[in-house]
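Undergrad: fold the stuff below for me.
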Amino acid sequence: MGFMTQLAEYLYIKKRDPNAPRTSWMRKMHWINRVSIFMFLTAVIIMIIKLILRKH
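TA: A predicted model of the protein is given here:
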């Protein structure tokens with residue numbers, strides 16, 4: 001599975017593979033990865049907004 005496919009599944013852009021194994025550890029790992037991606041994107045957006053507001 002490619003990186004971009006995995007990222008699209010985490011961000012709910014693409015449906016996940018129904019044939020993929022579903023274990024409790026895999027669900028926990030994916031949940032943690034999803035949270036970290038959302039936190040990173042939020043931080044990047046906040047930094048961009050601060051840079052834009054600081055220039056004016």
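
Undergrad: any regions of the protein where pLDDT drops low?
TA: The chain contains residues with pLDDT under 70 at 1, 12, 17, 56.

Undergrad: the helices in it, which residues?
TA: With DSSP state H, the ranges of helices along the chain come out as 3-10, 24-55.

Undergrad: list of residues touching the shortest one?
TA: Right, the one you point to is helix 3-10. Helix 3-10 is contacted from outside by K14, K15, R16, H30, N33, R34, I37, using Cβ atoms under 8 Å, 6 or more residues apart in numbering. C-beta: built from backbone N, CA, C; applies to glycine.

Undergrad: count residues in the vicinity of the first one, would you?
TA: Yep, that's K14 we're talking about. Around K14 there are 13 other residues, counting by other Cβ atoms under 10 Å.

Undergrad: excluding chain neighbours, what is closest to it?
TA: A8 (3.9 Å; Cβ to Cβ, 6 or more residues apart in numbering).
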